[in-house]
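**Student:** Fold the following for me, if possible:
(chains A, B and C)
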Amino acid sequence: MAVSSNIVVRIEDLHKRYGNEEVLKGVSFTVRQGEALAIIGPSGTGKSTLLRCINRLTEPDRGRIWLEDTEITSPQTDINAIRQQIGFVFQDFNLFAHLTALDNVRLGLLKVKRLSKREATERAMQELARVGLAEHAEKYPAQLSGGQQQRVSIARALAMDPKLMLFDEPTSALDPELIGEVLQVMQDLAEEGMTMVVVTHEMGFARSVCDEVIFMEKGVIVEQGPPQQVFVNPKQPRTRQFLGKISELYGGT
Amino acid sequence: MGGHNPHPSPLRGGGQKGEGRSEEGGDLKQFLDCQVLAEGSFLRLACDIAPRLLQGTATTFQLTVLAIGLGLVGGILLALGRVYGNKPIYWVSTAYVQFVRGTPVLVQLFLIYYGLPAFEIRLDSLTAAIIGLGLNSAAYQAEYFRGAIQSISRGQMLAARAIGMTNLQAIRHVILPQALRIVIPPWSNELIYTLKYSSVAFIIGAPELMATGQVIASRNFRYFEVFLIVAFIYLVCVLVISKLLDIAEQKLKIPGLEMR
Amino acid sequence: MLEKLRLVWESLPLLLQGAIVTLELTVSLLLVGLVLGVLVALGQVYGPRPLAMLMSAYERFFRAMPILVLLIVVNFGLAFVANTYQWDWLRLPTFAVAVLVFGLHSSAYQSQIFRGAIQAIKPGQLLAARALGMTRLQAIRYITLPQALRLAIPGWSNEYSGVLKDTSFAFAIGVTELARQGWQIATRTREMFLIFITVALIYLVLTYLGTWLLELVERRVSVPGLAGQRREEHGRVI
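**Tutor:** Numbers count the residues shown, from 1 in each chain, chains lettered A, B, ... in the order given. Next comes the predicted model:
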């Protein structure tokens, strides 16, 4: 997994406030092409908000974000064109409840990318096969397990040919025995060189699959570095504390 | 119950009948009054006809209250029949409810007002309207009560029987008091509904608000303006009563005792 | 007795003609109400505040107004305006007036059905659509509406049986639908009870036939895991 020096995403001084509570207090970082970046930290510290700001599902109050050379946060930018290039995977899947797995993957290709029905179907089947669900193409979300639903939602995002994939706690809503299949798909993606940002509580995944780890707390980046550094040799006491608590809970990472 | 021969004609079917029936003798004077009203501004018209329209409104309320009361008694009986009745009672009450809810109230009024004389039962238009709207409402209220009764747990009935009550006593002292409270929100809907649909009575000539408007308009030929005022009165009545019912509902609420 | 049965038999063609007018009226008004109702509901849920408030006032007005009164006021109103300004195009056939008034009235009820259905859809659905790069309108068209329309079928079925019965009020402005057709035969033959009970039975068939059909449709388009919900019709629960 070669990480090039081309920067895919650059974030500068991002701020976001909900009422009186400032959830992002000036966050800056970059993601290079082919890099898998994990964002870890306690719940409610603005990780998901940060992720949603990147494709402006949440509007940031201040700060700038670029996708390659395009400034996402500029008012002149066609945000729908940007979102096509950024895949987003939700914690609770959000598969379209009235559509089959195939139609879930195909809808964006047909209506947003305006592919022909034949092309779209072909492409969608490819992506379903990629996540190992080709034989479930005709099933509705309610007929799939949580793990399968999440894999369909990954296929849905991949079908749009994104330059970047954002994962918002993709395994948090899953039963423990279903987490593995989703992580496997994500690991394959990372190894194929997909640029991705993953908000996660799966420390094992962050440690063994990701190239870079950011530890966030209370709206700021506390520590950032390669997994070896952050997990084995954290510089900040807060990071050490957090990791200690996590390994207490889950029996080591 | 008057002994008249009931075949007046609704609206465009011909001349207007049944309208002067309730105020014999005053006809000529009113006719002259209304001639005057054929001229003058809208506001003037509104002021002049207001007293008569308010009389009609009073009749509308009388009609509504009597019909909803009749419907309440009938509805409770039908609901009890559908929940606790034996087979014949169950089938009769179910068939009644389905029939009434599957047919328009207008046709039901026609059946009562024009149809019953075939069996030597002649009702005046207001009585026919009260009975018709009441019997109609009974079928709908029955469903509210049935829902309410069924939402009261079986345990309530068992507990009542366990302290030695008969079935009837249990229904009267335990089930119904609870059902009546649960049913208040849908029941207040039904009251508004009956108030609005009481306007149908004017098609058979019952002297309520709409019919009063019709009488006035047929004499001064200012149909649109008269009915506009009538509509306004209905609107105000419905909105005010809805508000009052909302307030009453809040006051009567018992914590934990709601539908489902 | 036999004579009376023959009378009913001979009246049937005319009554069925009336029933067809009743059905035409019902279907047309439901479609008008559907389009307007969906727009009102969308305005209430997704519109800016002033629009949402306007739509709520619209809904309140039509729900508070007795439909029979509304029908008569508008019928006279149109004639009044047409006479005053010599606008001959405004002299609509009574059937059209009925479709218009019933449609507006029904749209207030249908908007409530759809608003409930739209609000029953999880917010994540819209979010996921936007994340794919869909515009707001595309998301509403491809995600919200298909789901909401399905969820609304049971409420719609209640609305059908409500307005079917209401169409009998078109009698009052002279539309020759089932009730008026019956009334004409009844006054001609003097067999009031017999004719009106026949009319009632035809209505009964139409009501239950329609709700049964809609149930079939509901089952036909049902999506596993997307359950519809019963809603109220004209303030009365069926």
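
**Student:** Excluding chain neighbours, what is closest to the residue in the stretch 101-250 of chain A that chain C sits nearest to?
**Tutor:** Per Cβ to the nearest Cβ, A:Ala142 is where the stretch 101-250 of chain A lies closest to chain C, at 2.2 Å. C-betas here are computed from N, CA, C, even on glycine. Distance criterion Cβ to Cβ, 6 or more residues apart in numbering or on different chains; nearest residue to A:Ala142, sequence neighbours excluded, is C:Gly225 at 2.2 Å.

**Student:** so the one you found sits right up against A:Pro141, yeah?
**Tutor:** Yes. Assessed by Cβ atoms under 8 Å, C:Gly225 is found in contact with A:Pro141 at 6.4 Å.

**Student:** hey, what's in contact with both of these two?
**Tutor:** Both C:Gly225 and A:Pro141 are contacted by A:Ala97, under the criterion Cβ atoms under 8 Å, 6 or more residues apart in numbering or on different chains.

**Student:** Have a look at these two and say which one is more surrounded.
**Tutor:** Comparing C:Gly225 with A:Pro141 by other Cβ atoms under 10 Å in any protein chain shown, the one with more neighbours is A:Pro141, at 23 against 12.

**Student:** which residues touch the nearest residue to that one once chain neighbours are set aside?
**Tutor:** By the measure of Cβ to Cβ, 6+ apart, the closest residue to A:Pro141 outside its immediate chain neighbours is A:Leu95, 4.1 Å from it. By Cβ under 8 Å, 6+ apart, the contact set of A:Leu95 is A:Ala101, A:Asn104, A:Pro141, A:Gln149, A:Val152, A:Ser153, A:Arg156, C:Ala128.

**Student:** The helix or strand where the last one lies - contacts with which helices or strands?
**Tutor:** Counting by DSSP states H and E, the element that carries C:Ala128 is helix C:123-131. Applying 3 or more Cβ pairs under 8 Å, 6 or more residues apart in numbering or on different chains; DSSP states H and E, one finds that helix C:123-131 contacts strand A:86-89, helix C:136-139.

**Student:** what about the ones you listed, which gets the closest to chain B?
**Tutor:** Of all the helices and strands packed on helix C:123-131, helix C:136-139 sits nearest to chain B, with 32.9 Å by Cβ to the nearest Cβ.

**Student:** which other helices and strands contact the closest one?
**Tutor:** Checked by 3+ Cβ pairs under 8 Å, 6+ apart, helix C:136-139 has helix C:123-131 packed alongside it.

**Student:** returning to that earlier point: now the helices and strands packed on helix C:123-131 in CSV, with mean neighbour count and mean pLDDT?
**Tutor:** Converted to CSV, the helices and strands packed on helix C:123-131 look like this (neighbours: other Cβ atoms under 10 Å in any protein chain shown; pLDDT from 0 to 100):
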stretch, mean neighbour count, mean pLDDT
strand A:86-89, 26, 94
helix C:136-139, 15, 92
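
**Student:** closest one to C:Val205 among the ones you listed?
**Tutor:** Distances from C:Val205 to each of the helices and strands packed on helix C:123-131 were compared using Cβ to Cβ; the minimum, 41.7 Å, belongs to helix C:136-139.

**Student:** so how far is A:Gly46 from the residue nearest to A:Ala142?
**Tutor:** 33 Å (Cβ to Cβ, to the nearest Å).

**Student:** go on, B:Thr59?
**Tutor:** Here the criterion is Cβ to Cβ. By it, B:Thr59 lies 66 Å from A:Gly46.
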